[in-house]
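>>> only geometry, no sequence info:
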């Protein structure tokens, strides 16, 4: 049933002939392929036969991140858990004037992000993880599918990568805020929302796409609900994303 639903999504989005050809192009073959998407000037790179195709279906075909921004144009977009960069590409297509930061900890995913975003000068890719404090992080489940990596703080003797904070990213941008935040970080949202200083970035954030992972780390939803309670976000569920929106922020 999922395959049939996906095919119908391709046909609906791109038309019968082009949709069917694109469906086959993404489904068949092996290795990294260059995918020409109707309506997009630049090709998209995909590791066929991997979870890249599921991400492509959600972001490029079904348009899970196309919910309208609430007035004006975003100036800073943070794609936390960027995987191979499809959401960053889609945001760059929707908001060509926005600065976009794509954050991804896995080295193989990050290499593909660099290829996918090379034609988008407003996208800056960082190989790091989002965390509520300065730390060295490691991937705790390196055998997982490429879009399911979880991070934790490194133990003594482990070599890892740097953590970056959302407050830090907001403060470093001229606008001083995060207009649009995508959080798909496989349970680490629990640590972010439980952090007593999360108000420092939440108060600066206008729109959030968040995928909650209670099945991996119980308590993610409860931590988010406590953290966002003072901010008056409206909410919409679309696909696996909860979209949190407020009309304005005061800095």
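Okay, I see it. From a predicted model like this one, the values you see are computed outputs, not experimental measurements. Numbers count the residues shown, from 1 in each chain.

>>> contacts, neighbours, all on C-alpha from now
Noted.

>>> where exactly do the helices run in the stretch 101-250 of the chain?
Secondary structure of the stretch 101-250 of the chain (DSSP state H, counting those that start in this stretch): helices located at 107-117, 166-172, 189-194, 199-202, 220-228.

>>> please identify the deepest-packed of these.
helix 189-194 (a mean of 21; mean count of other C-alpha atoms under 10 Å).

>>> name the helices or strands packed onto it?
Other helices and strands packing on helix 189-194, by 3 or more C-alpha pairs under 8 Å, 6 or more residues apart in numbering; DSSP states H and E, are helix 220-228.

>>> how far off centre is the helix it packs on?
Offset of helix 220-228 from its chain centre (C-alpha atoms, centre = their mean, to the nearest Å): 19 Å.

>>> ditto for stretch 53-71
10 Å.

>>> for that stretch, which residues meet the burial criterion?
53, 55-65, 69 (16 or more other C-alpha atoms under 10 Å).

>>> and those, which is closest to residue 18?
Minimum distance to residue 18 across those is 12.4 Å, recorded for residue 61 (C-alpha to C-alpha).

>>> return the residues in contact with that closest one.
By C-alpha atoms under 8 Å, 6 or more residues apart in numbering, the contact set of residue 61 is 9, 10, 13.

>>> let's see 10 Å
6-7, 9-14, 19, 23, 37, 54-55 (C-alpha atoms under 10 Å, 6 or more residues apart in numbering).

>>> tell me which of the residues you listed fall in helices.
Of the contacts of residue 61, the ones assigned to helices by DSSP state H are 6, 7, 9, 10, 11, 12, 13, 14, 19, 23, 54, 55.

>>> give me the buried subset of the residues you listed.
Buried among the ones in helices among the contacts of residue 61 (16+ other C-alpha under 10 Å): 6, 7, 9, 10, 11, 13, 14, 19, 23, 55.

>>> I'd say the fifth one and residue 21 touch.
The reference is to residue 11. Yes - shown here, residue 11 and residue 21 form a contact pair, counting by C-alpha atoms under 10 Å, at 9.5 Å.

>>> need the helices of the stretch 101-250 of the chain in CSV (columns: distance to residue 101).
Formatted as CSV, the helices of the stretch 101-250 of the chain follow (distance: least, C-alpha to C-alpha, whole Å):
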stretch, distance to residue 101
helix 107-117, 11
helix 166-172, 9
helix 189-194, 18
helix 199-202, 15
helix 220-228, 22
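
>>> got those as CSV, with mean pLDDT and distance to residue 88 columns?
What follows is the helices of the stretch 101-250 of the chain, written out as CSV (pLDDT from 0 to 100; distance: least, C-alpha to C-alpha, whole Å):
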stretch, mean pLDDT, distance to residue 88
helix 107-117, 95, 8
helix 166-172, 96, 16
helix 189-194, 96, 19
helix 199-202, 96, 20
helix 220-228, 97, 23
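
>>> so which of the ones you listed is nearest residue 152?
helix 189-194 (10.1 Å).

>>> which residues in the stretch 51-200 of the chain form strands?
Secondary structure of the stretch 51-200 of the chain (DSSP state E, counting those that start in this stretch): strands at 76-80, 99-103, 123-126, 129-130, 136-139, 151-153, 161-164, 178-183.

>>> with adjacent residues omitted, what lies nearest to residue 48?
residue 30 (5.1 Å; C-alpha to C-alpha, 6 or more residues apart in numbering).

>>> I'd like to know how far that neighbour sits from residue 217.
Distance, residue 30 to residue 217, by C-alpha to C-alpha, to the nearest Å: 33 Å.

>>> where does this protein dip in pLDDT?
1-2, 142-148, 250-251 (pLDDT under 70).
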